[in-house]
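> Fold the following, please.
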Amino acid sequence: MDFLTLVGHRYSCREFYDKQITDEELNEILEAARKSPSARNLQPTRLCVVQSPEGLAKIDECTKCRYGAPTVIIAAYDHDVSSHPTPDHGPETCDFGDIDTTIALANMDDAVANLGLGGCWVGAFDPRKVRELFHVPESYRLVELFMVGHPKAAPGPMHSQRRAMEEMVCRETF
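Numbering: from 1, shown residues only. Model prediction:
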């Protein structure tokens, strides 16, 4: 499908079938992340794929929002590797590792939609528990948990509701 159709097609799936994705599907999703751009090409993003029953049980200890997904990707970045902006040359809110990892997540989300799978970014998790249970190094910053699987639920009624372009975009000045 063309890109805008793909972007319009993807949604945050919150109910999955109990059927694992294939290795080929997983590799395509991970390759979309690997090919993502990063500041100064430092590539600080780190992904931990969780698919075993034991691993998924640990995920369930960290969040109530797995939604039955058979694959969870813990998305983080190594703060020691990422590009750090100076106050007068970068975003006001974060270092570039957060942005780099978000770009990788967005590309994975598009790959998931292109494969006809469902995905959901989850920011509601206990970072201390994730660090402890998955042995996340101290220099890593956790960004999101990304749930992936075969969608059981269709998009909700709010999915296609979007603000008008002129409400979102201005030109030359805010």
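
> all helices for this structure, in order.
3-9, 23-34, 53-62, 96-114, 127-134, 165-168 (DSSP state H).

> Just name the most buried of the ones you listed.
Greatest average neighbour count among these goes to helix 96-114 (a mean of 21), per mean count of other C-beta atoms under 10 Å. Every C-beta, even on glycine, is put in place using the N, C-alpha and C of the backbone.

> ok so, going back, kindly reformat the helices of the chain as JSON lines containing mean pLDDT and distance to residue 149.
Shown next, in JSON lines, are the helices of the chain (pLDDT from 0 to 100; distance: least, C-beta to C-beta, whole Å):
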{"stretch": "helix 3-9", "mean pLDDT": "87", "distance to residue 149": "16"}
{"stretch": "helix 23-34", "mean pLDDT": "98", "distance to residue 149": "10"}
{"stretch": "helix 53-62", "mean pLDDT": "98", "distance to residue 149": "11"}
{"stretch": "helix 96-114", "mean pLDDT": "96", "distance to residue 149": "9"}
{"stretch": "helix 127-134", "mean pLDDT": "98", "distance to residue 149": "19"}
{"stretch": "helix 165-168", "mean pLDDT": "93", "distance to residue 149": "31"}
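
> can you tell me which of those comes nearest to residue 141?
Nearest to residue 141 among those is helix 96-114 (6.3 Å), distances taken as C-beta to C-beta.

> for the closest one, packing partners?
Using 3 or more C-beta pairs under 8 Å, 6 or more residues apart in numbering; DSSP states H and E, the elements in contact with helix 96-114 are helix 3-9, helix 23-34, strand 45-50, strand 71-78, strand 118-122, strand 140-149.

> Recalculate using a threshold of 6 Å.
helix 3-9, helix 23-34, strand 45-50, strand 71-78, strand 140-149 (3 or more C-beta pairs under 6 Å, 6 or more residues apart in numbering; DSSP states H and E).

> Tell me which residue lies nearest the centroid of this protein.
Nearest to the geometric centre of the chain sits residue 105, at 3.5 Å (C-alpha atoms, centre = their mean).

> what's near enough to touch that one?
Taking C-beta atoms under 6 Å, 6 or more residues apart in numbering, we find residue 105 in contact with 75, 144.

> Roughly how far does it sit from residue 165?
From residue 105 over to residue 165 the distance is 25 Å, taken as C-beta to C-beta, to the nearest Å.

> Tell me the bridge partners for residue 145.
In this entry, residue 145 is beta-bridged to residue 74, residue 122, by DSSP bridges.

> quick one, what contacts it?
72, 74, 122, 125.

> go again using 7 Å as the cut-off
Contact partners of residue 145, counting by C-beta atoms under 7 Å, 6 or more residues apart in numbering, are 63, 72, 74, 122, 125.

> Lovely, talk soon.
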